[in-house]
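Q: give me a model of this one.
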Amino acid sequence: MGRERLARARAALRRHGLPAALLFDPINVRYAAAPGPFAVFNLHVSFRWALIPVESEPVLWEYPEAMHVTAGRWSGDLRPAIGWTFFGSGPNTTDDAARFAAEIVAVLDERGLRRERLGVDRLETVGHLALADAGVRVADAQPALEQARAVKTGDELAALRANARACDAAIMRLRAALRPGVTENELWGTFIGVALKSGAEWCETRLLSSGPRTNPWMQEATDRVVEDGDLVAFDTDLIGERGYLTDVSRTYLCGDRRATDEQRRLYQTAYAYLHDSVPEFRPGASFEELGRKLGSRLPEEFHPLRYPFIAHGSGLIDEYPCVKFDHHHEGQIEAGMVMSVEAYIGAVGGGQGVKLEEQIIIGDDGPEMISTAPYDDRLLA
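A: Residues are numbered from 1 along each chain as shown. Purely as a prediction, here's the structure:
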């Protein structure tokens, strides 16, 4: 997997006219080099980075006290990182960043890349200024890395399928715990606890809401007590084993009370929209074509509170590409892409809403849904 991902990253950099990239985003470093320690901490503090030249071997700089961890995951050039964030360096941050930049320049000189543009994906201001002061010509590397990650290798697809099975098991435990009197936090704790036991790493969000908190969407779990007859909606956003995302959503009815006509209408609208949309994701379909076609299928009543995307790429995180209702991307669906197709149905002023979502692998013959998490038959009847 690592060799194939590195090859895809290099090919994308070459297409974008970048002889090398210096990567700080831990998702990109993981993709092109190796996973590191303390991933969530690394999402907001730079302490490891990788230089990925197109024509020579990469260099990975690691948190010095954790190099023994990465040594078991990376057989290439591994060096201790010179810390320069204000968190660790305080008033010395500018001087430490200058030392970091000097080391990068020295490696670029060794590779004959000193005068070339250097792609960078994400970098704190003090680091960016240090590279500029050292004469480095910085360019944006993120488009190349996102496009490289968009089409998955066979090993990546296997990891995504395995993680979907583990996520489904956690969903089933959540559903079994769903009863009147439980809190949203308890339900979320059940889900994430089971997922972590299976080898998951973290969740990107805590999107779980119940009853009146299901409208509008984007509300995270609280200590609200779930009542008999409430809808409970959630989005997994689960980073599973080997760092791959399972992103599916379900809505279930709590307790023994019969679903109301309005609950059934919302649920059946979401279900129909989602399952009518999934078959459209075939190789060759343009993002604009999908956006216009599927956007027009969403009933006008639900547009004001619609989910921001019709679908988005899923890999190590939510990623490129997105199929949107407007301001469409150029490009088209390709075999090997993995997409999460979204449906949120709730009206302005409505008392509740329904969130459903499926994660699909795009095959040569069309989409494959990789989650088997059940729907609620009481809401479909």
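Q: wasn't Ile310 part of a strand?
A: Yes - applying DSSP: H, G, I helix; E, B strand; the rest coil, one finds Ile310 inside a strand.
Q: just give the nearest non-adjacent residue to it, would you?
A: Spatial nearest neighbour of Ile310, excluding adjacent residues (C-beta to C-beta, 6 or more residues apart in numbering): Val323 at 4.5 Å. All C-beta spots, glycine's among them, are computed from the backbone N, C-alpha and C.
Q: tell me if I am right that that neighbour is in a strand.
A: Yes - according to three-state DSSP, Val323 belongs to a strand.
Q: which is the next helix or strand following the helix or strand harbouring Ala164?
A: Using DSSP states H and E, the element containing Ala164 is helix 154-177. Later in the chain than helix 154-177, the nearest helix or strand by DSSP H and E is helix 184-197.
Q: given whichever helix or strand comes after that following helix, what are its sheet partners and their directions?
A: Later in the chain than helix 184-197, the nearest helix or strand by DSSP H and E is strand 202-203. Its sheet considered, strand 202-203 pairs with strand 238-239 (antiparallel) by DSSP bridges.
Q: what's next to the strand it pairs with, contact-wise?
A: With C-beta atoms under 8 Å, 6 or more residues apart in numbering as the test, strand 238-239 has contacts from 163, 167, 170, 192, 195, 200-204, 245-247, 316-317.
Q: average model confidence for that strand?
A: Per-residue pLDDT values over strand 238-239 give a mean of 98.
Q: residues in contact with the spatially most central residue of the chain?
A: Closest to where the C-alpha atoms of the chain average out (C-alpha atoms, centre = their mean) is Ile317, at 1.8 Å. Residues near Ile317 by C-beta under 8 Å, 6+ apart: Ile27, Glu204, Ile239, Leu245.
Q: give me the distance between the biggest strand by length in the chain and the centre of its chain.
A: Longest strand in the chain, counting residues (DSSP state E): strand 354-363. Per C-alpha atoms, centre = their mean, to the nearest Å, the displacement of strand 354-363 from the mean C-alpha position of its chain is 14 Å.
Q: for the one helix or strand Ser296 maps to, name the packing helices and strands.
A: Per DSSP H and E: Ser296 is located in helix 287-297. If contacts are counted by 3 or more C-beta pairs under 8 Å, 6 or more residues apart in numbering; DSSP states H and E, helix 287-297 sits against helix 261-277, strand 309-314, strand 318-324.
Q: try it again with 6 Å
A: In terms of contacts (3 or more C-beta pairs under 6 Å, 6 or more residues apart in numbering; DSSP states H and E), helix 287-297 is packed against strand 318-324.
Q: give me the contacts around the strand it packs on.
A: Under the criterion C-beta atoms under 6 Å, 6 or more residues apart in numbering, residues 146, 149-150, 287, 290-291, 309-313, 329, 331 lie in contact with strand 318-324.
Q: just put those residues in CSV and tack on neighbour count, pLDDT and distance to Met369.
A: Shown next, in CSV, are these (neighbours: other C-beta atoms under 10 Å; pLDDT from 0 to 100; distance: C-beta to C-beta, whole Å):
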residue, neighbour count, pLDDT, distance to Met369
Glu146, 18, 97, 24
Arg149, 24, 98, 21
Ala150, 21, 98, 19
Phe287, 19, 98, 20
Leu290, 24, 98, 17
Gly291, 21, 98, 21
Phe309, 18, 96, 18
Ile310, 26, 98, 16
Ala311, 28, 98, 13
His312, 20, 98, 16
Gly313, 23, 98, 16
His329, 14, 89, 23
Gly331, 13, 96, 23
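Q: in this structure, where is pLDDT below threshold?
A: Nowhere does the chain drop to pLDDT under 70.
Q: okay, domains of it per the record?
A: Following automatic domain parsing, one gets these domains for the chain: 2-149, 151-380.
Q: centre of the chain to the last one, how far?
A: So that's domain 151-380. 13 Å.
Q: for that domain, measure first residue to last.
A: 34 Å (C-alpha to C-alpha, to the nearest Å).
Q: kindly report the same for the shortest one.
A: End-to-end distance of domain 2-149 (C-alpha to C-alpha): 12 Å.
Q: run a quick neighbour tally on Phe86.
A: Counted with other C-beta atoms under 10 Å, residues neighbouring Phe86 total 15.
Q: chain neighbours aside, what residue packs nearest to it?
A: Excluding the flanking residues, the one nearest Phe86 by C-beta to C-beta, 6+ apart is Thr93, at 4.8 Å.
Q: same thing with Val341?
A: Using C-beta to C-beta, 6+ apart, the closest residue to Val341 is Ala311 (4.5 Å).
Q: try Thr269
A: Leaving aside its chain neighbours, Thr269 sits nearest to Ile345 (4.9 Å; criterion: C-beta to C-beta, 6+ apart).
Q: may I have the beta-bridge partners of the one you found?
A: Under the criterion used (DSSP bridges), Ile345 bridges to Val354.
Q: only the buried residues of the longest strand of the chain, if you could.
A: Within strand 354-363, the residues that count as buried by 16 or more other C-beta atoms under 10 Å are Val354, Lys355, Leu356, Glu357, Glu358, Gln359, Ile360, Ile361, Ile362.
Q: from Leu298, how far off is Arg30?
A: Here the criterion is C-beta to C-beta, to the nearest Å. By it, Arg30 lies 35 Å from Leu298.
Q: coming back round to it: following element in sequence after the longest strand of the chain, please.
A: Immediately after strand 354-363, counting by DSSP H and E, sits strand 366-369.
Q: mind listing residues that contact that next one?
A: Contacts to strand 366-369, defined as C-beta under 6 Å, 6+ apart, come from residues Val278, Phe281, Arg282, Glu358, Ile360, Ile361.
Q: select, from the residues you listed, the two members most distant in space.
A: Using C-beta to C-beta, these span at most 15.0 Å, a distance reached by Arg282 and Glu358.
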